[in-house]
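1. give me a model of this one.
(chains A and B, ligands or ions: 2)
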Amino acid sequence: MTALVLLDHEDGRIKQAALSAVTAATQFGDVHVLVTGERSVAETAAKISGVTKVLHAADALYAHEMAEPLAALLVSLAGSYDQILASASAVGKNVLPRAAALLDVQPVPDVVRIVDADTFVRPIYAGNALATVKSSDSKKILTVRSSAFDAAPAEGGSAAIEEVAAVENPNVSEFVAVHLSASERPELDSARVVVSGGRGLLSEEKFRILEPLADTLGAAIGASRAAVDSGFVSNEYQVGQTGKIVAPELYIAFGISGAIQHLAGMKDSRVIVAVNKDPEAPIFQVADYGIVGDLFEIVPELTEKLK
Amino acid sequence: MKIVVPIKRVVDYNIKPRVKPDGSGVETTGVKMSMNPFDEIAVEEAVRLKEKGVATEVVVVSVGVQQAQDTLRTAMAMGADRAVLVLSEESPEPLAVAKVLKVIVAKEDPGLVILGKQAIDDDMNATGQMLAGLLGWGQGTFAGNVEVADGKVKVSREIDGGTEDVSLVLPAIVTADLRLNEPRYASLPNIMKAKKKPLETLNVADLGVDTTRRLTIVSVAEPAERKAGIKVETVSELVEKLRNEAKVI
Ligand SMILES: Cc1cc2nc3c(=O)[nH]c(=O)nc-3n(C[C@H](O)[C@H](O)[C@H](O)COP(=O)(O)OP(=O)(O)OC[C@H]3O[C@@H](n4cnc5c(N)ncnc54)[C@H](O)[C@@H]3O)c2cc1C
Ligand SMILES: Nc1ncnc2c1ncn2[C@@H]1O[C@H](COP(=O)(O)O)[C@@H](O)[C@H]1O
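-> Ligands and ions are numbered 1, 2, ... in the order given. Okay, the predicted model is just below:
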């Protein structure tokens, strides 16, 4: 059996989460990957351990990984593959279901475990239940939770690169612009440590109190929906059912109450620390270590003691 | 231009879901059900487009059990003009829902279909993309902003690293993310008015769509429960624990 993984990239870098999809794919058999963009991205992909062939779609049509042309390309390649996978990222979730519909397949999103070639485990109801589902489709189309599979080593492979030609553009969509927030910090969904803030941070300016702490720990910064909706940080920081799913070694939640939709995005972290002034906050029910107190006193003190 | 908004009746987001003792699924009997929160946002966006004069009619559609009528009435109380209920088993899959919606779209001929980005029960995040694929239309998923002008819709999409703007030829599919708008509450007079708005009921069997499930549920289980840990009194104690007990720093 051969699986095809759509490797998504951003600014020419292959996303860490895509490497987890490669790991998942190796459980089926041989792994080929599809990448778009510059040749250099394909060359990086060729080195990923476990990858035996890289399909490189260099045409500018695919540069921005737009769903309409990319799904059409996937459909044209699908005949040779038993499984098509991608990480459960914004790109994977946008493109794969479209391709699946065109192939008359019901996709299986957010897979956290591959039981056998037909059977998969996926969280439902914001992670409050785990469903084991069996797919009767002859071709499987899956998106994979990066928090559940280790990233494939970026080095060690030497796959051949094959150029693939563009297929007809459905011509119904156009890329206009992308606005990426520049950050020197690690990617939220693959960081070893995440420092997160909620409504308790009070304002955009005050939220920045978390930055020196994140710098000290080499951590990514996350946020609750309330913090994002209040404009303290932008949408890509949101952790939760409808934001990013993270499972770092250490997750520190400041001023976050612990609504189930937030817990859905972080409760698989190895160690959880919660700082909240309300001793009854539900976040304490999942925290390994809690401190009841004012975050505006605790954050600077913690930063100082960790230096 | 007409706008179609597909809406799903789901377990209310404030309810903590319970897995049935026999592991066949999540308990829904006797549980408060509501409109999927993302679909409220989709309805709100459609109603606003009508209020701005961009749309002329808003039609809400639900595929599901008879009780989904209540959800459709709620949408009409928010300002939708008309509703279609497609009666079917409890929870059809996105592929089946997309096929049913394709038939409805063929009948209604809308300029825009606005869905929620994901239903918070099955967390599939697939139906809009699949409908777009089946129709061959453009898709503006995870929309944080929508502007209709000159036969196109410009959508600002929430992506992993920030936002992305795309422009789609109409007719097109949009799926609503949380920050697209804040849905209104239906006023009492509007709730009363909604009772008189037209609601058409169809049977999924009559639409010529094969809704056989492709995914069968083997079992549904509670995830491993995380135990509450300890509370520490001081920051020094926390640092000591993180270093020597948890060994994470
Ligand atoms: C469909 C849907 C999807 C959702 N998806 C998500 C999601 O993906 N992610 C998400 O996070 N939420 C999500 N939510 C929202 C979720 O239900 C909660 O509303 C949200 O998580 C609350 O954020 P919060 O904990 O920051 O705010 P609050 O619940 O207001 O909590 C703030 C906390 O800060 C504490 N606090 C205040 N000041 C201080 C201080 N000085 N020091 C210490 N503690 C302090 C308070 O005691 C309180 O516990 C979703 C909701 C819906 C309906
Ligand atoms: N049974 C249904 N009836 C009507 N609309 C639905 C149904 N299921 C899903 N949808 C729509 O598709 C969106 C995404 O759902 P899903 O792909 O299941 O996560 C929802 O927010 C609804 O707008």
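2. okay, now the unreliable bits of chain B?
-> Along chain B, no part satisfies pLDDT under 70.
3. and the residue of it nearest ligand 2?
-> Minimum separation of chain B from ligand 2 (C-beta to the nearest ligand atom) falls at residue B:116, amounting to 2.3 Å. (C-beta placed from N, C-alpha, C; glycine too.)
4. pull the number of nearby residues for the closest residue to that residue other than its chain neighbours.
-> Excluding its sequence neighbours, the residue lying closest to residue B:116 (C-beta to C-beta, 6 or more residues apart in numbering or on different chains) is residue B:38, at 2.8 Å. Close neighbours of residue B:38, defined as other C-beta atoms under 10 Å in any protein chain shown, add up to 26.
5. pretty sure residue B:38 sits in a helix.
-> Yes - counting by DSSP: H, G, I helix; E, B strand; the rest coil, residue B:38 is found in a helix.
6. I'd guessed it sits against residue B:114; true?
-> No - at 10.1 Å, residue B:38 does not count as touching residue B:114 under the criterion of C-beta atoms under 8 Å.
7. overlap in contacts of those two?
-> Counting by C-beta atoms under 8 Å, 6 or more residues apart in numbering or on different chains, the residues touching both residue B:38 and residue B:114 are B:175-176.
8. follow-up on the earlier one: now the residue of chain B closest to ligand 2: how far from residue B:175?
-> Distance of residue B:116 to residue B:175, given as C-beta to C-beta, to the nearest Å: 6 Å.
9. hmm, back to that, what's the residue nearest to residue B:116 in contact with, if anything?
-> Residues counted as contacts of residue B:38 (C-beta under 8 Å, 6+ apart) are B:115-120, B:175-178.
10. swap in residue B:9?
-> Residue B:9 touches B:33-36, B:62, B:64-65, B:67-68, B:70-71, counting by C-beta under 8 Å, 6+ apart.
11. ditto for residue A:263
-> By C-beta under 8 Å, 6+ apart, the neighbours of residue A:263 are A:126-127, A:240, A:282-283, A:286.
12. repeat that for residue B:230.
-> Residue B:230 neighbours (C-beta under 8 Å, 6+ apart): A:288-290.
13. could you redo the last one with a cut-off of 10 Å?
-> A:284, A:287-290, B:237, B:241, B:245 (C-beta atoms under 10 Å, 6 or more residues apart in numbering or on different chains).
14. once you drop chain neighbours, what's closest to the residue in the stretch 51-200 of chain A that ligand 1 sits nearest to?
-> Here the stretch 51-200 of chain A gets closest to ligand 1 at one residue, residue A:198, 2.4 Å apart by C-beta to the nearest ligand atom. Take residue A:198 and drop its neighbours on the chain: the residue closest to it by C-beta to C-beta, 6+ apart is residue A:256, 3.4 Å away.
15. name the element the one you found belongs to?
-> Counting by DSSP states H and E, there is no helix or strand that carries residue A:256.
16. where does the residue of chain B closest to ligand 2 fall, phi/psi-wise?
-> Main-chain dihedrals, residue B:116, degrees, to the nearest 10: phi -80, psi 160.
17. my guess is it meets residue B:46, correct?
-> No - Residue B:116 is beyond contact range of residue B:46, at 11.7 Å (criterion: C-beta atoms under 10 Å).
18. ok, the most centrally placed residue in chain A - contacts?
-> Residue closest to the mean C-alpha point of chain A, counted by C-alpha atoms, centre = their mean, is residue A:89 at 4.5 Å. With contact taken as C-beta under 10 Å, 6+ apart, residue A:89 is in contact with A:6, A:8, A:10, A:15-18, A:20-21, A:65, A:95, A:143-144, A:146, A:189, A:244, B:159-161.
19. repeat that with 6 Å
-> With contacts defined as C-beta atoms under 6 Å, 6 or more residues apart in numbering or on different chains, residue A:89 is in contact with A:8, A:17, B:160.
20. closest one to residue B:4 out of those residues, please.
-> When the contacts of residue A:89 are ranked by distance to residue B:4 (C-beta to C-beta), residue B:160 comes first, at 28.9 Å.
21. ok, residue 157 - how many residues close by?
-> No chain was given, so I picked chain A. Per other C-beta under 10 Å, the neighbour tally for residue A:157 reads 19.
22. ah, I was thinking of chain B
-> Neighbourhood size, residue B:157 [other C-beta under 10 Å]: 23.
23. so it is in which element?
-> strand B:152-159.
24. which other helices and strands does that strand contact?
-> Packing partners of strand B:152-159 (3 or more C-beta pairs under 6 Å, 6 or more residues apart in numbering or on different chains; DSSP states H and E): strand B:138-149, strand B:162-169.
25. ok, 10 Å please
-> Packing partners of strand B:152-159 (3 or more C-beta pairs under 10 Å, 6 or more residues apart in numbering or on different chains; DSSP states H and E): helix A:90-102, strand A:173-180, strand B:138-149, strand B:162-169, strand B:172-176.
26. ok, residues contacting the second one?
-> Yep, that's strand A:173-180 we're talking about. A:10-11, A:60-61, A:63-69, A:234, A:236, B:132, B:137-140, B:152, B:154-157, B:159-169, B:172.
27. related to what we said a few turns ago, mutual contacts of residue B:116 and residue B:175, please.
-> Counting by C-beta under 10 Å, 6+ apart, the contacts common to residue B:116 and residue B:175 are B:38, B:41-42, B:125, B:127-128.
28. can you count the residues close to residue 178?
-> The chain I'm using is chain A. Neighbours around residue A:178, by other C-beta under 10 Å: 16.
29. that's the wrong chain, I wanted chain B
-> By the criterion of other C-beta under 10 Å, residue B:178 has 23 neighbours.
30. so the closest residue in space to residue A:260 that isn't next to it in sequence, which state does it fall into?
-> Nearest residue to residue A:260 in three dimensions, chain neighbours excluded: residue A:126, at 5.5 Å (C-beta to C-beta, 6+ apart). Under three-state DSSP, residue A:126 falls in the helix class.
31. neighbours of residue A:126, just the number please.
-> Neighbour count for residue A:126, taken as other C-beta under 10 Å: 23.
32. how about residue A:143?
-> 28.
33. okay, which residue is most central for chain B?
-> residue B:116 (3.3 Å).
34. residues contacting residue 227?
-> Answering for chain A, as no chain was given. Per C-beta under 10 Å, 6+ apart, neighbours of residue A:227: A:196-202, A:204, A:207, A:233, A:237-239, A:254-256.
35. not quite, go with chain B.
-> A:285-286, A:288.
36. name all residues that make contact with the nearest residue to residue A:22 once chain neighbours are set aside.
-> In space, and not counting its chain neighbours, residue A:22 is closest to residue A:152: 4.0 Å by C-beta to C-beta, 6+ apart. Residues near residue A:152 by C-beta under 10 Å, 6+ apart: A:5, A:18-26, A:31, A:33, A:48-51.
37. what of residue A:251?
-> Taking C-beta under 10 Å, 6+ apart, one finds A:191, A:193-196, A:219, A:222, A:239, A:265-274, A:286-288, B:248 in contact with residue A:251.
38. one more pass at 7 Å, please.
-> Residue A:251 makes contact with A:194, A:196, A:266, A:269, A:272, according to C-beta atoms under 7 Å, 6 or more residues apart in numbering or on different chains.
39. likewise residue A:134?
-> A:118-119, B:215-216, B:218.
40. buried ones among those?
-> Buried residues within these, counting neighbours by 16 or more other C-beta atoms under 10 Å in any protein chain shown: A:118, B:215, B:218.
41. looking at those, which is nearest residue A:181?
-> Nearest member of the buried ones among the contacts of residue A:134 to residue A:181, counting by C-beta to C-beta, is residue B:215, at 36.1 Å.
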